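A.B. asks: how would this look folded up:
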Amino acid sequence: MNDSASPATDDRIVEDTVGFNAVLGFKLVEWTAQSAVMELPIQPIHLNRSNTLHGGILATLIDAACGYAGVWMPEGEPIRKTVTLTLTTNFVGQVREGTIRAVALKKGGGRNIFFASCEVFDADGNLLAMGEGSYRYRRSDPYGTPTR
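C.D. replies: Below is the predicted model of the structure:
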């Protein structure tokens, strides 16, 4: 893994989220060797019965951002994937509209497992949630290799 903390190029940021993350509308906006920043413009579908952002959206965003923080690879290297082993979340604020921003940092780890933490902020910089997780690198992908 490259120790460089240089931001991803625009081509790398265009690496769109897929699957559930894409359905929810998550956007990877910054990606470096030890961090990832994801954003989500809040839509009515993201709200709960109290008309505030659903906690499950925040938990999923924390999980996605932490996972990206640990799998960055330089251009030309094989794509890395990971699976979540543990995830803890703490909800400390509420929001109903605007764009939220998740900032995740890889904290450490080894050859097979890494640890990451994340904080999620509203457009005014207020802390909404925080979380941390442990992740295992996948050695192979039984479902095929993704293309960039």
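
A.B. asks: separation between Thr60 and Gly110?
C.D. replies: 26 Å (Cβ to Cβ, to the nearest Å). C-beta coordinates here come from the backbone N, C-alpha and C atoms, glycine included.

A.B. asks: if you could redo that for Gly98, that was the one I meant.
C.D. replies: 38 Å.

A.B. asks: and Thr60 and Gly110? which has more neighbours close in?
C.D. replies: Thr60 (19 against 8; other Cβ atoms under 10 Å).

A.B. asks: contacts only, for the closest residue in space to that one that isn't next to it in sequence.
C.D. replies: Nearest non-adjacent residue to Thr60, counting by Cβ to Cβ, 6 or more residues apart in numbering: Leu24, 6.5 Å away. By Cβ atoms under 8 Å, 6 or more residues apart in numbering, the residues touching Leu24 are 40, 46, 57, 60-61.

A.B. asks: most neighbours out of these, which is it?
C.D. replies: Leu61 leads those on contacts (other Cβ under 10 Å) with 28 neighbours.
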